[in-house]
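# What follows is a predicted structure for the sequence shown.
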Amino acid sequence: MGSTHEVTVDVNGRSRRATVAARTSLADFLRDELNLTGTHLGCEHGVCGACTVLLNGTPVRSCIMLAAQADGESVTTIEGLSDEHGNLNPVQEAFCRSHALQCGFCTPGMVLAVQSLVDTVEEPTREDIDEAIGGNICRCTGYVQIREAARSAVEEARCARAATGAGGAR
């Protein structure tokens, strides 16, 4: 039998401890151990972006990262963006308003990629948006509505920062 590791990971603001096999991917840990099935598995090679989660705020492919590598880190999944009452956050709302999904398979990864952009870049350009979503494959939408949702979320975040006088993004 292979080796195991004790891991403690902050997932969506909640500390989670588990014993995982050394070869367990972060995606499998999230889906199978924590029942967070919003993290989708597509290619399982880190190419499609369906398994994107935020690791300390940075988008990562959870299918090619080991759960043991996340020990002591903070992970945000799509389930962690809505509030405790299930209300969608502004990026999720922008995706809904823009009809930026069809089959929905890529949506969690896309939303998390845009969330990272909103959190880290104060005035993102069109190129920044394309770069942010560029690692996520959508086979349905043609990206038009996804880009529209990203621009909408970016504008809403900019207005919110201006209203509160808060900076925070670069």
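Perfect, I can see it now.

# okay, CA-based contacts and neighbour counts for the rest of this
Noted.

# in which helix or strand would I find the residue nearest the centre of the chain?
Nearest residue to the geometric centre of the chain (C-alpha atoms, centre = their mean): residue 112, 2.7 Å. Residue 112 belongs to helix 107-120 when elements are defined using DSSP states H and E.

# Pull out the buried residues from that helix.
Across helix 107-120, burial judged by 16 or more other C-alpha atoms under 10 Å covers 107-118.

# Over to stretch 13-22?
Buried-residue list, stretch 13-22, by 16+ other C-alpha under 10 Å: 18, 20-21.

# Now tell me what touches that stretch from outside.
Outside stretch 13-22, the residues within contact range by C-alpha atoms under 8 Å, 6 or more residues apart in numbering are 2-10, 29, 66-68, 74, 76, 80.

# Swap in 7 Å and give it another go.
The set of residues external to stretch 13-22 that reach it, using C-alpha atoms under 7 Å, 6 or more residues apart in numbering, is 2-10, 68.

# rewinding a little: just the CA trace of the helix holding residue 112, in CSV.
Extracted in CSV, the C-alpha atoms of helix 107-120 (Å, rounded to 0.1, in the frame of the first residue of the first chain):
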residue,chain,number,x,y,z
THR,A,107,-18.5,27.6,-15.4
PRO,A,108,-16.9,26.9,-12.0
GLY,A,109,-13.4,27.2,-13.4
MET,A,110,-14.3,30.3,-15.4
VAL,A,111,-15.9,32.0,-12.4
LEU,A,112,-13.0,31.3,-10.2
ALA,A,113,-10.5,32.6,-12.8
VAL,A,114,-12.5,35.8,-13.1
GLN,A,115,-12.8,36.1,-9.3
SER,A,116,-9.0,36.0,-9.1
LEU,A,117,-8.8,38.7,-11.7
VAL,A,118,-11.3,40.9,-9.9
ASP,A,119,-9.4,40.4,-6.6
THR,A,120,-5.9,41.2,-8.0
